[in-house]
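Visitor: Prediction below, plus the sequence it came from.
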Amino acid sequence: MRKHRVNMNFVYDYNPEKFLVSFPEILAELQPSHLELFLAELCEEDTTLTMYSFITSVSIAPPSKVAVVCARILEVCQTQEEKMKSLLSIMMSCYVKLDDVPEGLRCIKKLHSLYPSESDAAIRYMLILTDDDTLVNKALGTYDLELMLLVAQKTQKDPKEYLMFLQELQSYEEQYRKFKIDEHLGRHVAALTALIGCGEDRFEEACQYVEKHSLHAVALRNYTHGSEQFKTVGKLFAEQLRAKGNHLEAGIMFGQCEDLPQSLDCLRKTSESSLALSLAHQLQLAPGQLSVLAEQLADNLKRSHQWTAAAHLLETYCDNPDEAVEVLCEGALFAEALALVQRKQRVDLVSSTINALQAHVESVVALYGEHISNAVKYSQRIQVVRSRKEAILAGDIDEMEHSDLYSDTTSITAVSASTSSSRRSAKSSKGRRKLERKKYSLKEGSKHEYYALQEAYKNIMMNIKEQSSQIQEMVNILLLQGLTESAAKLNSIAKEAVQAVNLNKDHIWPPKIPEKDDLNEDVSEEPEPISTPPDYTLTYVTPVQFKE
């Protein structure tokens, strides 16, 4: 096989089951150098499916081929006690392939007293497969200083580089030595675990290590919940979370550490009003302090558009129905606002609520008018784009000439330069966001205009559908208040908007024509085209009309 440059993996790939069963015979007949060559080339690739696919193998190799082969070789080699010293290099190759160098080094140490020269040769062979620093660090990672010294002596390292370090490590007690070794190797989680195992005498140092490497969560798992150590580390963690603006997590962490005032201080900056008020009652805050807390929580809730919850706090804890009604009107919850007005018997707030309702109606009428205008405009424009695409696909016009799909200043050079630039920019997150924005650009002639028109039209339909129940509620309130003119105006514009979007929907997403299916996709490789849109057909329930 070496003479004809046959890939050594083929020895196993041709018949994996037979290779594994027959390996003791293979080991007996082959020289160690041949097996070393086989292991050097061993990889996960199944050569009977790639370079030797013209040959039919008896069976297919398992996915973890390297692990299976190396495990079998080690199993057989470890039974050959009389030949062990000649098989050390083969075994070390397997350990390196399995990324289990520490176990290989432990095996060498066990055999060093029996076969010193062969063990030294095995270490030197491992240095060929890895490098000096890696092998020394792997030996150090076993926490066996004798083994580390044995390996270091076979490297090109100056003894001054490691002897003083070894002497320093030997001066520590065992558990602290493990910490120092793991810290030296950059294994911070293992280092912290070892340091915590040193006991309370090293607790302050453990806290400093936790802070340095942000290992609070690891430390908390190693301390008993409710212990003083847990509370100390937990408070450090909570302070870090608060500094990062994670007030909810910080508040919960302070709560676990039984520091309720700090927990409340964090929770008052969130929208978790129930948790904060529960703590406030637990701390027995004075009514004035409770009112201030509720105001702050209400502001947080308003920022997250939780209008009902904010109004409830203002009404219940602040005794401020005026602001509660204002908040509900801001969230367009006019029915709830009027209910609150009646519940509090504040007739003086009815007029301000109705005024807010009418102002909102005017903004909705303006918005729906814009929706109707855009629905017609997008419908007309997409027909132009589609007809242009049809002509381009039919070859009636040139894609770059005579087309308004590109600006007058566009040239082939500019387009290619822009394309290559886009490919480069797409590699970064900023570039990807830029390309994503281009997909929704409604600029006439843009590459993704067809897709952008469909998306814009879909957004109009979704907005109208989402507001339908709110429109119904506002119309009924206006009718109940005798404002029939405003109710009729709102009802009329809502119906007109629904009719407009439903009428033009088929222009945006036309039924597919078998011989022209490709017209539903952008000729310039449109990303994620909407070929089959959801059914956005809208209905509108006419409110009850009062008898005149």
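Guide: Structure's in. What do you need? Keep in mind that what you see is a predicted model, and the values were worked out from it rather than measured.
Visitor: helices and strands of this structure: which one has the lowest mean pLDDT?
Guide: helix 412-425 (a mean of 44; mean pLDDT, DSSP states H and E).
Visitor: Show residues contacting stretch 163-172.
Guide: 145, 148, 149, 177, 180, 181, 184 (CB atoms under 8 Å, 6 or more residues apart in numbering). C-beta coordinates here come from the backbone N, C-alpha and C atoms, glycine included.
Visitor: was I right about the fourth one contacting residue 143?
Guide: Yes - with contacts defined as CB atoms under 8 Å, residue 177 counts as touching residue 143 at a distance of 7.2 Å.
Visitor: Show me what the longest helix belonging to the chain is packed against.
Guide: Scanning the chain for the helix with the most residues, using DSSP state H, yields helix 350-394. Applying 3 or more CB pairs under 8 Å, 6 or more residues apart in numbering; DSSP states H and E, one finds that helix 350-394 contacts helix 321-330, helix 334-343, helix 449-480, helix 484-508.
Visitor: if you set the cut-off to 6 Å instead, what comes out?
Guide: helix 334-343, helix 449-480, helix 484-508 (3 or more CB pairs under 6 Å, 6 or more residues apart in numbering; DSSP states H and E).
Visitor: Make CSV out of the contacts of stretch 163-172 and add neighbour count and secondary structure.
Guide: Shown next, in CSV, are the contacts of stretch 163-172 (neighbours: other CB atoms under 10 Å; DSSP: H, G, I helix; E, B strand; the rest coil):
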residue, neighbour count, secondary structure
145, 17, helix
148, 24, helix
149, 16, helix
177, 17, helix
180, 16, helix
181, 23, helix
184, 14, helix
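Visitor: Out of the residues you listed, which two sit at the greatest distance?
Guide: Farthest apart among those by CB to CB are 149 and 180. That separation is 16.1 Å.
Visitor: for the helix or strand hosting residue 249, what is the average pLDDT?
Guide: Using DSSP states H and E, residue 249 sits in helix 247-256. Helix 247-256 carries an average pLDDT of 96.
Visitor: Pull out the buried positions in the helix or strand residue 236 falls within.
Guide: For residue 236, the host element (DSSP H and E) is helix 228-243. For helix 228-243, burial by neighbour count (16 or more other CB atoms under 10 Å) applies to 229-242.
Visitor: Over to stretch 98-117?
Guide: For stretch 98-117, burial by neighbour count (16+ other CB under 10 Å) applies to 98, 101, 102, 104, 105, 106, 107, 108, 109, 111, 112, 115.
Visitor: how far does the helix holding residue 249 sit from the chain's center?
Guide: Relative to its chain's centre, helix 247-256 lies at 23 Å (CA atoms, centre = their mean, to the nearest Å).
Visitor: what inclination does it have with respect to helix 228-243?
Guide: Taking axes from the mean of the first three to the mean of the last three CA atoms, to 10 degrees, one finds that helix 247-256 is oriented at 160 degrees with respect to helix 228-243.
Visitor: Residues in contact with helix 247-256: which ones?
Guide: 234, 237, 238, 241, 242, 262, 263, 266, 267, 269, 270 (CB atoms under 6 Å, 6 or more residues apart in numbering).
Visitor: Spatially nearest residue to the first one (excluding sequence neighbours)?
Guide: Translated: residue 234. Leaving out its chain neighbours, the residue that sits closest to residue 234 by CB to CB, 6 or more residues apart in numbering is residue 257, at 4.1 Å.
Visitor: distance of the one you found from residue 227?
Guide: 11 Å (CB to CB, to the nearest Å).
Visitor: Can you lay out the buried residues of stretch 98-117 as CSV showing distance to residue 327?
Guide: Shown next, in CSV, are the buried residues of stretch 98-117 (distance: CB to CB, whole Å):
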residue, distance to residue 327
98, 65
101, 66
102, 64
104, 70
105, 70
106, 70
107, 73
108, 75
109, 74
111, 79
112, 79
115, 84
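Visitor: In a markdown table, list those along with pLDDT, secondary structure and distance to residue 457.
Guide: Shown next, in a markdown table, are the buried residues of stretch 98-117 (pLDDT from 0 to 100; DSSP: H, G, I helix; E, B strand; the rest coil; distance: CB to CB, whole Å):
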| residue | pLDDT | secondary structure | distance to residue 457 |
| --- | --- | --- | --- |
| 98 | 91 | coil | 59 |
| 101 | 93 | helix | 62 |
| 102 | 93 | helix | 63 |
| 104 | 93 | helix | 66 |
| 105 | 93 | helix | 68 |
| 106 | 93 | helix | 69 |
| 107 | 92 | helix | 70 |
| 108 | 91 | helix | 72 |
| 109 | 90 | helix | 74 |
| 111 | 87 | helix | 77 |
| 112 | 87 | helix | 78 |
| 115 | 86 | coil | 80 |
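Visitor: quick one: which of the residues you listed is nearest to residue 294?
Guide: Once CB to CB is applied, the member of the buried residues of stretch 98-117 that ends up nearest residue 294 is residue 102, at 60.1 Å.
Visitor: pretty sure the closest one is touching residue 144, no?
Guide: No - look at residue 102 against residue 144 with CB atoms under 6 Å: they stay out of range, at 9.2 Å.
Visitor: Tell me where the model's unsure across the protein.
Guide: 1-4, 56-62, 395-440, 512-548 (pLDDT under 70).
Visitor: from memory residue 331 sits against residue 308, does it?
Guide: No - using CB under 6 Å, residue 331 is not in contact with residue 308; the gap is 7.5 Å.
Visitor: Tell me which of those two has more neighbours.
Guide: residue 331 (17 against 13; other CB atoms under 10 Å).
Visitor: gap between the nearest residue in space to the more buried one that is not next to it in sequence and residue 340?
Guide: Once flanking residues are discounted, residue 331 sits nearest to residue 307: 2.9 Å by CB to CB, 6+ apart. Distance, residue 307 to residue 340, using CB to CB: 12 Å.
Visitor: picking up where we left off before, pipe the contacts of helix 247-256 into a markdown table and attach distance to residue 23 per row.
Guide: Output for those, formatted as a markdown table (distance: CB to CB, whole Å):
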| residue | distance to residue 23 |
| --- | --- |
| 234 | 55 |
| 237 | 53 |
| 238 | 58 |
| 241 | 56 |
| 242 | 61 |
| 262 | 65 |
| 263 | 63 |
| 266 | 63 |
| 267 | 65 |
| 269 | 66 |
| 270 | 64 |
